[in-house]
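Participant: pasting the structure only:
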């Protein structure tokens, strides 16, 4: 992995705090999963939308930085479809566009049986 | 505060984990803040976009549930403008639309000096 | 086609004005295309983002209403990737989620050679 | 007005086709309105979401290009709140962020009595 990508994946404190496990990385692609824990729940006892977004944002950032060019998120949107069935959710990021300065990735969050839980699209800006 | 709102604000485990402090609630409105901690940082050492989203999502959920009708997020988008200057960021949620079944709230995340750091719009669905 | 769907596809005045041609419809799915015309251009002489959005919104609406339940858009987002190469763009809508009250569809707008030009995700609310 | 802005406002063919009237422009700001016409209606007889988006996108583009730097949309989202009461809707674009390469604008679409009909946020990329 490139130096920039290594830093992203090894020094992301939120990934550590929330227990994101990176499963696979290739150019323009990343996949991760997390165990749902009691500290991840919202006030109604289901997986917090912010935690799902954070997992999606993480694989988006890993995929967007997979070429070694430092890339930051400028905008992201997420749609929520169902309460995760547990005990794990996975997130897979695929490239939609890889421009010189602007890039776009879609992320699908799924239950262990493959059911779609949420979908995210993020726009990145390549800083150099 | 209504019973539903009390549960959201007192039983949100992510708010506890990430240190969100609710400052103000009124019908259709909520404001909170958080201290930026080292566990909130991404791989490039700045406040993680997922943490900012989570803070925004929290005040959105509190405001959307402030009438006592259980409301869940169906979609949300966030735009990021600058790295927070620290050590605190605040998030304020205002109502854009309060329909019988669908509602919309905008959230502004700001630095202590008032500079806009990020903007969020969330769509909620009233379950009953 | 159901009565509701027929009305959508035959009485949409914007589809007529802008020249949208519906190519295919099935439950949860729709595909259309349009010829790029001079009246579709923005101030820099390329296909207007609002026209691309309108085409995407049209196939989203057709797909979302394909079951016969009146469904309205509550939110939509679009990401733009490249200037269309012309002279035609197509839009294909696929179902991401089909809940009782809330549904979600993604739309991909493509050049004749299949290159992705823009991506749209829309959230619908089923009125009955 | 700058040369770039002049071109946007005078040569936008969609603004002509749909009848957008630019009311006010200043650095980072634009306001326009349109008369709702029968050619603007969707299959259920109300103002087409794509037309509302196009009007919002137009004032976004005018505001984003108001400094004279060519700026293109990379992403935009819109939330719909109510059917316009007619016969006119207005759209006002305000600056959220004006970075060297990335900018963000929010647009509110309103009925003649000031009721909020829809809200749009667009992200622009400054090409030079």
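Facilitator: Good, I have the coordinates. In this text the structure is predicted, and so the values were computed from the model without any measurement.

Participant: Spatially central, which residue of chain A would that be?
Facilitator: Against the mean C-alpha coordinate of chain A, by C-alpha atoms, centre = their mean, the closest residue is residue A:56 at 2.5 Å.

Participant: Tell me the spacing between that one and residue A:89.
Facilitator: To residue A:89, residue A:56 is 10 Å away according to C-beta to C-beta, to the nearest Å. Using the backbone N, CA and C atoms, a C-beta is placed for each residue, glycine as well.

Participant: And residue A:46, by the same measure?
Facilitator: Residue A:46 sits at a distance of 12 Å from residue A:89 (criterion: C-beta to C-beta).

Participant: So for the two, which residue has more residues nearby?
Facilitator: Between residue A:46 and residue A:89, counted using other C-beta atoms under 10 Å in any protein chain shown, the more crowded position is residue A:89 (24 against 15).

Participant: Excluding sequence neighbours, find me the nearest residue to that one.
Facilitator: Spatial nearest neighbour of residue A:89, chain neighbours left out: residue A:109 (5.5 Å); criterion: C-beta to C-beta, 6 or more residues apart in numbering or on different chains.

Participant: chain center to the host helix or strand of that neighbour, what's the gap?
Facilitator: Assigned by DSSP states H and E, residue A:109 belongs to strand A:102-110. Chain-centre distance of strand A:102-110: 8 Å, with C-alpha atoms, centre = their mean, to the nearest Å.

Participant: tell me which residues in the helix or strand just after that strand are buried?
Facilitator: The helix or strand immediately downstream of strand A:102-110 is strand A:116-126, counting by DSSP H and E. Buried residues in strand A:116-126, defined by neighbour count with 16 or more other C-beta atoms under 10 Å in any protein chain shown: A:117-126.

Participant: hmm, which two among these are most spread apart?
Facilitator: The span of these, defined through C-beta to C-beta, is set by A:117 and A:126 at 29.3 Å.

Participant: I'd say residue A:59 and residue A:89 touch.
Facilitator: No. Residue A:59 is beyond contact range of residue A:89, at 11.5 Å (criterion: C-beta atoms under 8 Å).

Participant: The residue nearest to residue A:42 when sequence neighbours are not counted: how many residues sit nearby?
Facilitator: Excluding the flanking residues, the one nearest residue A:42 by C-beta to C-beta, 6+ apart is residue A:48, at 4.3 Å. Residues near residue A:48, counting by other C-beta under 10 Å, number 26.

Participant: do you know how far residue A:48 is from residue B:59?
Facilitator: 13 Å.

Participant: What does the pLDDT read for the closest residue to residue A:98 other than its chain neighbours?
Facilitator: Leaving aside its chain neighbours, residue A:98 sits nearest to residue A:28 (6.2 Å; criterion: C-beta to C-beta, 6+ apart). Note for residue A:28: predicted pLDDT of 97.

Participant: again with residue A:86
Facilitator: So residue A:86 comes in at 93 (pLDDT).

Participant: same check, this time on the one 5 residues further on
Facilitator: According to the per-residue confidence, residue A:91 scores 98 in pLDDT.

Participant: isn't the residue nearest to residue A:42 right next to residue A:40, touching?
Facilitator: Yes. Using C-beta under 8 Å, residue A:48 is in contact with residue A:40, at 5.8 Å.

Participant: overlap in contacts of the two?
Facilitator: B:13-14 (C-beta atoms under 8 Å, 6 or more residues apart in numbering or on different chains).

Participant: and the biggest helix by length in chain A, does that touch chain D?
Facilitator: The residue-count maximum for a helix in chain A (DSSP state H) belongs to helix A:49-64. No. Helix A:49-64 stays clear of chain D (C-beta under 8 Å from any C-beta of the partner chain), getting no nearer than 13.5 Å.

Participant: Tell me what angle that helix forms with strand B:116-126.
Facilitator: Between helix A:49-64 and strand B:116-126, the angle comes out at 130 degrees (axes from the mean of the first three to the mean of the last three C-alpha atoms, to 10 degrees).
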